[in-house]
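Colleague: Next input, structure requested:
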Amino acid sequence: MQRVGIIGGGAWGTALAVVARRSGRDVTLWALEPEVVEAVNSQHRNTLYLPDVPLDPSITATADLAKVAAADIILLVAPAQHLRGLCATLSPHIKPATPVVICAKGIERGTSALMTDVVAETLPKAAMMVLSGPTFAREVALGLPTAITLGAADQTLGRAVAAAISSPTFRPYLSEDVVGAEVGGAVKNVLAIGCGMADGKGLGANARAALLTRGLAEIVRLALARGGKPETLMGLSGLGDLVLTATSLQSRNYSLGVALGKGQTLEEVLGARRSVTEGVTTAEAVVTLAAKLKVDMPICAAIDQVLNHGAAIDDMLRGLLERPLRDEVDAAVKR
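Modeller: Have a look, this model is predicted:
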């Protein structure tokens, strides 16, 4: 597992390229933007997405997916809503049983498919895994201590992949619960926007803590309905990722929510950004999936109403506060 191919030239893809190279791997980074490819190869920096982090000169960038497909491990770091198309293009070139690690966090709009569903359909011969947890790209790239979940059904192969990308400052923890790991990573983006809205409105730390805790209950319910395990969501890819993303302005999702709470429009915030804010598109997909599975997710539904259906934040928050009282722990989780 010497060669690592990374599909996605944003900040997270670039940070993972640094991680893999720090672990002694040969790294090829695929990027959509020609300027990213040129900058990585000539300036040894990603000048668009991670400009202040120097890259090892041996990291090479390409716009040719076939070159990445030749790697021993492939990390899928493209935005969730573009993953299906990229995997379909990658499919003819990939070797059977190649470990393909999903690093995108989202649920597909229109189909409500998890990223594992998308990869299973488009890359059926690959050995699929999920890498998810509390990770700000810049901190990872700078070598600050990071722990993350690697979900893999094949634990032997998972250990080999974890060993290939680990370092003293990047520690993957192995889990068999692939679904739980990815549900946590997807839904926390939606909840982070809601926490940002509450903070932007000046509702205080108590309100944010309530949203975090009751939001985590929604994540657990959805994961259980899809076959995940509740204990996974108490770990790095659930609680850890939620706390990080929903409390720091480094988070694109939380900071978007704060801006909305302070009165900016969604179009204004997104128009000023180059990077994707996954929670906006995932919100609608989460609500649709929850309805299909008959899972109660009122916080995510309320956030979706603001983001995608024109609801006012004040009305959304009032509606949540006026919901009927209920038991704190669901019967399904008590088992």
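
Colleague: In terms of helices and strands, where is the most centrally placed residue in the chain?
Modeller: With distances taken as CA atoms, centre = their mean, the residue of the chain nearest its centroid is K105 (2.4 Å). Taking DSSP states H and E as the definition, K105 sits outside all helices and strands.

Colleague: what sits against it?
Modeller: Taking CB atoms under 8 Å, 6 or more residues apart in numbering, we find K105 in contact with 80, 115, 132, 182, 185-186, 188-189, 278, 282. C-beta coordinates here come from the backbone N, C-alpha and C atoms, glycine included.

Colleague: Quick check on it: phi, psi?
Modeller: The phi/psi pair for K105 (degrees, to the nearest 10) reads phi -120, psi 100.

Colleague: Chain neighbours aside, what residue packs nearest to it?
Modeller: Among residues not flanking K105 along the chain, G185 sits closest, at 3.8 Å (CB to CB, 6 or more residues apart in numbering).

Colleague: burial measure for the one you found, as a count.
Modeller: G185 has 33 neighbours, counted by other CB atoms under 10 Å.

Colleague: got the contact list for it?
Modeller: So G185 contacts 105, 130, 132-133, 237, 241 (CB under 8 Å, 6+ apart).

Colleague: Which residue ranges of the protein form strands?
Modeller: Along the chain, the stretches classed as strands by DSSP state E are 3-7, 26-30, 60-62, 73-76, 99-102, 127-132, 146-152, 170-175.

Colleague: So which bits of the third one are buried?
Modeller: The neighbour-count criterion (16 or more other CB atoms under 10 Å) identifies 61-62 as the buried residues of strand 60-62.

Colleague: Could you measure from the residue nearest to the centre of the chain over to W12?
Modeller: As judged by CB to CB, to the nearest Å, K105 and W12 stand 9 Å apart.

Colleague: ok so, going back, adding pLDDT, write the contacts of K105 out as CSV.
Modeller: Putting the contacts of K105 into CSV (pLDDT from 0 to 100) gives the following:
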residue, pLDDT
A80, 95
M115, 97
S132, 98
E182, 97
G185, 96
A186, 97
K188, 97
N189, 97
E278, 91
T282, 96
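
Colleague: Could you tell me which of these belong to helices?
Modeller: Among the contacts of K105, the residues falling in helices (DSSP state H) are 115, 182, 185-186, 188-189, 278, 282.

Colleague: which pair in those spans the largest distance?
Modeller: Across the ones in helices among the contacts of K105, no pair lies farther apart than M115 and K188, at 14.2 Å, counting by CB to CB.

Colleague: more neighbours, those two?
Modeller: K188 (34 against 26).

Colleague: List the contacts of the more buried one.
Modeller: 105, 215, 219, 238, 241-242, 245-246.

Colleague: Strictly from the record, what residue spans define the domains of this structure?
Modeller: Following the assignment in automatic domain parsing, the chain carries domains at 3-176, 179-334.

Colleague: Now the two most distant members of the contacts of G185.
Modeller: Pairwise distances across the contacts of G185 (CB to CB) peak at 12.0 Å, for the pair V130 and D241.

Colleague: need the contact list for A301.
Modeller: Remark: with contacts taken as CB under 8 Å, 6+ apart, A301 is in contact with 287, 290.

Colleague: how much space between it and G10?
Modeller: For A301, the distance to G10 - CB to CB - is 29 Å.

Colleague: do the same with R326
Modeller: 40 Å.

Colleague: same thing with A71?
Modeller: 18 Å.

Colleague: Same check on A186?
Modeller: Note on A186: its distance to G10, by CB to CB, is 17 Å.

Colleague: same deal with A69?
Modeller: Distance, A69 to G10, using CB to CB: 20 Å.

Colleague: and if you look at L86?
Modeller: From L86 across to G10, the span is 13 Å (CB to CB).
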